[in-house]
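Engineer: fold the following and give me the result.
(chains A, B, C and D)
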Number of protein chains: 2
Amino acid sequence: MSLEHAILGFLNYEPMTGYELKKIFDQSIKHFWPAKQSHIYRVLPQMEEKGWLTVEVIQQDTRPARKVYHLTERGRAELQAWLAADQPPSETRLAWLIQLFFAGQLSDEVVLGLLEHQASLIRHRLQRLGGIPAESSQQMDGSETPRDRFYWMLTVDYGVASAIAQLRWLEEVIARIRRSQYELPTIG
Amino acid sequence: MSLEHAILGFLNYEPMTGYELKKIFDQSIKHFWPAKQSHIYRVLPQMEEKGWLTVEVIQQDTRPARKVYHLTERGRAELQAWLAADQPPSETRLAWLIQLFFAGQLSDEVVLGLLEHQASLIRHRLQRLGGIPAESSQQMDGSETPRDRFYWMLTVDYGVASAIAQLRWLEEVIARIRRSQYELPTIG
DNA sequence: CCGATCATGTAAGTGGTTACATGATTAT
DNA sequence: ATAATCATGTAACCACTTACATGATCGG
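Structural biologist: Numbers count the residues shown, from 1 in each chain, chains lettered A, B, ... in the order given. Just a heads-up that it's a prediction; the model follows:
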């Protein structure tokens, strides 16, 4: 249950509300683990029942009460164990590869459109990823160690490296199809 | 609904049973769109209700009746439309990147173990992908055109190219951590 | 005046997994 | 003997998404 463990990770920095968790998700790990507001809110009480969290309710006038979630000892132990545990291989589902797989039934025009679309999606992702370091250095409150930041930036770098490789592949295949060069690529 | 459209794609080659669909999934698109037997069986009657398929029931002694699914005109049209339609960006969830993100709380030993594990998973995937062209040339029945085969092999090549890039990244990061070289990587 | 920010949730639906159930036939 | 192949499914569960609901405050 990765969502829950990501939440544990953030609450280990400092106690937070669901609202704040949603924000920090979007600012940091969204690019490899997006989370919806409703999902976060639904999972927090479950984590409390498991004894990983405790809630501190802070009443407010005019606004709903803040529910600040704190990590318990058991929560901290759970996090530590999960962080070190080997994860099963993450399987990636790529619908556009299904399209490519059946592209024999399409004209070159349409296939090219499909690949160009994919390339443009990746270019946008690269742009977003490129913006992260700048954004982050502003919004960081300094509570993170340089080592924390190093690993954060590694996750961004991984995204960038994969995206660049995928983009290069797409551009090469597009060029090849434009030249009507249908030899099978050399593999392995 | 990509599962359903992948099924349409295969049934456009020739009519098949759920059992045969499961086999062909495993032999071809499993590496980017795995499907469970139970899921395929559940979705077929739904596709029939939508008017995309018709069933031909072939009674057998000793075995359950074969239910051979045929594509209808509407099914064929649906497939054609979907194949040419821009897909929304496919979001990839990588639990091990959550681990890496919070790796500041772990020792170098443990982080290295995590990265090595990831590298070994990718090496295995590369091996499996490398085996596909050989397997496929045997099991193909020749009904596929060379163009069909070209696109099939492209999906494999994409998997290989991405995997190699990810593996290189991992190996470089592992080496850097071994040298205790914690400078931030240069991005963008 | 309008949109963003703060702050909480619930309900229904979707796409997929896990586990269960049956049973003859053929190949090793 | 034993495992693989053929051939069908169902039920319960899980992670996640979509859509809905409320409402004050603050900055442009």
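
Engineer: per-residue pLDDT, the closest residue to A:S180 other than its chain neighbours?
Structural biologist: Computed as Cβ to Cβ, 6 or more residues apart in numbering or on different chains, the closest residue to A:S180 that is not its neighbour in sequence is A:D108, at 7.6 Å. From N, CA and C alone the C-beta is placed, and that goes for glycine too. Predicted confidence (pLDDT) for A:D108: 95.

Engineer: list phi and psi for the residue nearest the centre of chain A.
Structural biologist: Geometric centre of chain A, nearest residue: A:F32, 1.8 Å, by Cα atoms, centre = their mean. When read as degrees, to the nearest 10, the backbone of A:F32 gives phi -130, psi 0.

Engineer: what do you get for A:L53?
Structural biologist: phi -130, psi 160.

Engineer: show me what contacts it?
Structural biologist: A:L11, A:L44, A:M47, A:Y69, A:H70, A:L71, A:T72, A:G75 (Cβ atoms under 8 Å, 6 or more residues apart in numbering or on different chains).

Engineer: secondary structure element for A:Q60, which one?
Structural biologist: For A:Q60, there is no enclosing helix or strand under DSSP states H and E.

Engineer: and it, how many neighbours?
Structural biologist: Neighbours of A:Q60 under the rule other Cβ atoms under 10 Å in any protein chain shown: 8.

Engineer: so who does it touch?
Structural biologist: A:R66.

Engineer: from DNA strand D, how far out is it?
Structural biologist: 10 Å (Cβ to the nearest atom of the strand, to the nearest Å).

Engineer: repeat that for A:S162.
Structural biologist: Distance of A:S162 to DNA strand D, given as Cβ to the nearest atom of the strand: 19 Å.

Engineer: next one: A:W152
Structural biologist: Using Cβ to the nearest atom of the strand, we find A:W152 at a distance of 20 Å from DNA strand D.

Engineer: equivalent analysis for A:W96, please.
Structural biologist: Taken as Cβ to the nearest atom of the strand, the span from A:W96 to DNA strand D is 17 Å.

Engineer: then A:E56?
Structural biologist: 20 Å.

Engineer: grab the nearest non-local neighbour of that residue.
Structural biologist: A:V68 (4.5 Å).
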